[in-house]
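[1] Structure, please.
(one chain, ligands or ions: 1)
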Amino acid sequence: MSNIEHGTAECRRRLWSFDIRISLFDIRPVLTPMGVDPGPPNPLCAVRPKGKPERSSPSEEFLPVDLFVAPWVIPMAGPPIERGALAASQGRIRAVGPASLLARDFPEARRVELDGCALLPALVNAHAHLELTLLGSSEARGDFAGWVLDLVRRKRTAAPAIYPKGIQEGARLCATRGQGVVGDILTAPEAAADYPAAGPQILVFPEVIAPQESAVRGALERAASAKPRPGGRASVAGLSPHAPYTVCAAGYQACFAEAVRTEGLLVTHVAESPEELEFCLHGRGALVDRVYAGLNAAPPPPPKTHPFEWLDGLGVIGRRTILVHAVALRPRHVERIAGLGAGVVLCPRSNRHLGVGRAPGRAFLDAGVSVALGTDSVLSSGDLDLWKDLVCSVEDYGWRPQEALRAATIGGARVLGLGGEVGAFAPGRRADILAASLGAGRDLYEGILAESRPVGLWIEGAEFSL
Ligand SMILES: [Zn+2]
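    Residues are numbered from 1 along each chain as shown. Alright, predicted model coming up:
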């Protein structure tokens, strides 16, 4: 049993015994391999059988409880509950079920009535670049190489203070749109101490760019210098070798080895654009002629194969790997990802803006791949509003609204290794609760997306002012 698996089993044991001593700010004990959801299979099991209280420990009897009551509660790991409720205490969920039952079980609870709302787990934005939030908006619509060049030039001329300010503003914007967890790529390790002390949990993935083997060691040392403040809401959760057109084989393998050593995750952009494919397959195209030539820099040796197949051949795709974008894939690649147990983060609005095509969103779900949604950066998506990516995923992938909401909650949690902690309502999980306005629609989920409007957010049971 690996340490991760051991940690998961221990975590599960503790949750079920309600002996919760997990540090809320250290993600390692709760990181779980992709697709493994150690929580209970159905949150309705939290509803006690009639007449027999399911109390955990004598001491818990006396803890203050908040009882959130709404026309609908959507646990994500089970069917929606009409006129439902959720009981939370000490930042954790105690029970989920019909409001009438929970009101009887927790008669002393402080009631939080949320009329006209559905309660669902706070959203998980599985891929963002918060540090870029204040770098402006890119006009390079539909021009991937032009966008990359523009981004690098902006970063080269930006004042250093723009990164910490961007991180703080980006985290705030994510929370105002109902996000309880953000997976964040960080290229400015010196800004890591500036993640806000309150708000969403932020899993930080320091970025590694190393086109040549000679640059690998320095890039890894720089990534390792990213140190979020202990006790804050951010923690390093792995590494992010940027993409097959900016990282050489030795760079990917070194990052993967480091991720294994630290029991972290490996996040990489892959198969994002036709330009990336042309570079990887033939060593030519706009990334060489415009980006590398424009920057007067040397590209990495081209793999001369499809970027996904190249990474697969390097042995760096597995259960701790997260593939971001994953647009230019063939059906056999999707099947292979499912077999390897890797997670995928789709960023539909970013893909639209850059004109790179549509990811095979339907095929991923059909193959059983763990799929999450991410906003990517303000520079490619215009803002950090994951609701717009939910709507876009319905339009571009043919997903049902329910599938989009799953990807943005329980899917994101699983991909980021937090499947036992967030993304679904079940006893022992974190009380990260989103109250979303209910609009008109053919079903409950369509009604939620029609409004796309968070009206309340509680992170670990504490209300966050939207
Ligand atoms: Zn990205």
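
[2] middle-most residue in the protein, spatially?
    A126 (1.8 Å; C-alpha atoms, centre = their mean).

[3] Now the phi/psi pair for that one, please.
    When read as degrees, to the nearest 10, the backbone of A126 gives phi -80, psi -10.

[4] residues contacting it?
    Shown in contact with A126 (C-beta atoms under 8 Å, 6 or more residues apart in numbering): G183, I322, V345, A372, L373, G374, G412, V415, L416. The way it works is simple: take the backbone N, C-alpha and C, and place the C-beta from them, glycine included.

[5] Please name the nearest non-neighbouring residue to it.
    Closest residue in space to A126, ignoring its immediate chain neighbours: A372 at 3.6 Å, by C-beta to C-beta, 6 or more residues apart in numbering.

[6] now the helices: where do they sit in the stretch 51-200 of the chain?
    Along the stretch 51-200 of the chain, counting by DSSP state H, counting those that start in this stretch, helices occupy 99-105, 144-157, 162-176.

[7] Which of the three states applies to the residue nearest to A126?
    Going by DSSP: H, G, I helix; E, B strand; the rest coil, the secondary structure assigned to A372 is strand.

[8] Use 48 as the first number for this chain going forward.
    With 48 as the first residue, the last one maps to A419.

[9] G466 is in contact with that one, correct?
    No. A419 is beyond contact range of G466, at 11.1 Å (criterion: C-beta atoms under 8 Å).

[10] Off-centre distance for stretch 272-286?
    The gap between the average C-alpha position of stretch 272-286 and the chain average comes to 16 Å, counting by C-alpha atoms, centre = their mean, to the nearest Å.

[11] ok, and for that stretch, which residues are buried?
    A273, P275, G279, R280, A281, S282, V283, A284, G285, L286 (16 or more other C-beta atoms under 10 Å).

[12] How about stretch 442-456?
    Buried positions in stretch 442-456, judged by neighbour count with 16+ other C-beta under 10 Å: D443, Y444, W446, P448, Q449, E450, A451, L452, R453, A454, A455, T456.

[13] Format the residues you listed as a markdown table; extra columns: secondary structure.
    Listed next are those as a markdown table, based on three-state DSSP:
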| residue | secondary structure |
| --- | --- |
| D443 | helix |
| Y444 | helix |
| W446 | coil |
| P448 | helix |
| Q449 | helix |
| E450 | helix |
| A451 | helix |
| L452 | helix |
| R453 | helix |
| A454 | helix |
| A455 | helix |
| T456 | helix |
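
[14] F153: which of those is nearest?
    T456 (24.4 Å; C-beta to C-beta).

[15] any idea how far R476 is from that closest one?
    12 Å (C-beta to C-beta, to the nearest Å).

[16] for D197, same thing?
    Look at D197 and R476: by C-beta to C-beta, they are 41 Å apart.

[17] Next: E510.
    For E510, the distance to R476 - C-beta to C-beta - is 18 Å.

[18] try F303
    Distance from F303 to R476, by C-beta to C-beta: 30 Å.

[19] and what of L431?
    For L431 relative to R476 (C-beta to C-beta), the value is 24 Å.

[20] How about G227?
    As judged by C-beta to C-beta, G227 and R476 stand 11 Å apart.

[21] so what's in contact with those two at the same time?
    V469.

[22] between the two, who's got more neighbours?
    G227 (30 against 26; other C-beta atoms under 10 Å).

[23] Show me the strands in the stretch 248-397 of the chain, by range?
    Using DSSP state E, counting those that start in this stretch, the strands found in the stretch 248-397 of the chain span residues 248-255, 281-283, 285-288, 312-317, 368-372, 390-393.

[24] Fine by me, thanks again.
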